[in-house]
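**Q** mind looking at a prediction? Sequence and model below.
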Amino acid sequence: MTGADIWRIRSDTLDSRFVRYGVPLASVASALLVTQLIVRDVYPETSALFIAAVMVSAFYGGSGPGLVSTILATLALNYYLTSPAYSLKISVASLVHSSLFLFPALLISLLGGIQRRLTVDLQAENKARASEKEVRRELLHRLVNAQEEERRRISRELHDQMGQYLAALMWGLQSLKDSTHVQPPARKDIERLGELAQQLDYEVDHLVLELRPTVLDDVGLHSALVQHFERWSEHSKVVVSYRIAGIEHQRLPASIETPIYRVVQEALTNVLKHARTKRVSLTLERRKDHVLTIIEDNGCGFDSDALERASNVHTRLGLLGMRERVEMAGGTLNVESTPGKGTSVFVRIPLMSNGNGGVPHE
């Protein structure tokens, strides 16, 4: 902690104490002014005004300021409003008036102290929770960034190294197949090996795209989603209809592109696993201050409220991962689903918290 931080804390503490103990002076002075100008010599009304002053002091500043206000109010009542006026001489009347005032005033001070302590404890607890939530969010942010970097590294290594090996293998098999020295039975085996090599090349490409599509880094979200839809539809036999607007000529920041891509990816995986549908629609719109993404299907649906309340974390692990990614980007994710009526996923991510909201395509 620096000297500036210590001075700021001390200054804040002094300011807080000054205000807390300044309130009793101001409240009692205000009550005294009103009694002198408006309700002078009517004791019940004047006493109520000073009780109100004690109440303000106690519930704002706690028991300490409440006691200070009680003492000041008692002196003011005895000096200005109890016969003989302008005198602190103790009399039966002053004792009676002081007793009638002190009991409720002290009780109010005690209650005010309790209320302030509860308020301070609650504020401290809320601050601790907010700090814990911020730390957790920062850790999740670092974890997700590390995962994406590792995905990117593995994806590029698979694409570059495995791709070269498979290309060389298929070229060698083709050369061997075209050789005049190969007998027909062996030629058929070579053809089958070539088909397996092509299938392996396809699976490696699919794995590379699932890990981290290079087009997402090189070109942007629009092209990455279109490419993913084409390959996913080919693999799943489910038609994807989509409408993407507002990002054709200006890319979104990576902090928005990545979570949207991963949410769409996870949503389509869930559709394939659970929805039992033949059609999925996606709408992605870049609006003035946020990006809206909607993924809908007309499948079997589910009870979304029951899923949110499910005690088994594994049951809603995919939904939790989607929500955490969106929340780390400052957005919100809502799921609406009814059994037999399909599912809709709504994702809203603000642009204001991400600089200018995008970079133009080169």
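**A** That came through, no problem.
**Q** can you count the residues close to residue 273?
**A** For residue 273, the count of nearby residues is 9 (other C-beta atoms under 10 Å). All C-beta atoms are positioned from the backbone trio N, CA, C, and that covers glycine.
**Q** next, it: secondary structure please.
**A** At residue 273 the chain is in helix, as set by DSSP: H, G, I helix; E, B strand; the rest coil.
**Q** which ones are touching it?
**A** Residues near residue 273 by C-beta atoms under 8 Å, 6 or more residues apart in numbering: none.
**Q** for it, give its distance to residue 302.
**A** 12 Å (C-beta to C-beta, to the nearest Å).
**Q** show me where this protein has helices.
**A** For the chain, the helices defined by DSSP state H cover 3-37, 43-61, 63-76, 92-157, 163-178, 184-211, 214-218, 221-236, 254-270, 304-309, 317-328.
**Q** can you add mean neighbour count, distance to residue 335 and mean pLDDT and give these back as CSV?
**A** Output for these, formatted as CSV (neighbours: other C-beta atoms under 10 Å; distance: least, C-beta to C-beta, whole Å; pLDDT from 0 to 100):
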stretch, mean neighbour count, distance to residue 335, mean pLDDT
helix 3-37, 14, 43, 66
helix 43-61, 21, 43, 76
helix 63-76, 22, 49, 83
helix 92-157, 14, 20, 80
helix 163-178, 14, 38, 81
helix 184-211, 14, 23, 80
helix 214-218, 16, 24, 80
helix 221-236, 17, 20, 89
helix 254-270, 21, 9, 90
helix 304-309, 12, 5, 69
helix 317-328, 17, 7, 82
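**Q** out of those helices, which is closest to residue 288?
**A** Checking the helices of the chain against residue 288 by C-beta to C-beta gives helix 254-270 as the closest, at 14.7 Å.
**Q** got a list of contacts for that closest one?
**A** Against helix 254-270 from outside (C-beta under 8 Å, 6+ apart): 148, 210, 213, 216, 220-221, 224-225, 228, 232, 236, 240, 251-252, 280, 282, 284, 291, 293, 295, 318, 321-322, 325-326, 328-329, 331, 333, 345, 347, 349, 351, 354.
**Q** got the domain boundaries for the protein?
**A** 3-137, 219-360 (automatic domain parsing).
**Q** before we move on, the earlier item: out of the helices of the chain, flag the one nearest residue 337.
**A** That would be helix 304-309 among the helices of the chain, by C-beta to C-beta, at 4.4 Å.
**Q** just how off-centre is stretch 189-199 within its chain?
**A** Relative to its chain's centre, stretch 189-199 lies at 50 Å (C-alpha atoms, centre = their mean, to the nearest Å).
**Q** want to throw the helices of the chain into JSON lines with distance to residue 245?
**A** Listed next are the helices of the chain as JSON lines, based on distance: least, C-beta to C-beta, whole Å:
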{"stretch": "helix 3-37", "distance to residue 245": "48"}
{"stretch": "helix 43-61", "distance to residue 245": "53"}
{"stretch": "helix 63-76", "distance to residue 245": "59"}
{"stretch": "helix 92-157", "distance to residue 245": "26"}
{"stretch": "helix 163-178", "distance to residue 245": "34"}
{"stretch": "helix 184-211", "distance to residue 245": "24"}
{"stretch": "helix 214-218", "distance to residue 245": "19"}
{"stretch": "helix 221-236", "distance to residue 245": "10"}
{"stretch": "helix 254-270", "distance to residue 245": "14"}
{"stretch": "helix 304-309", "distance to residue 245": "27"}
{"stretch": "helix 317-328", "distance to residue 245": "20"}
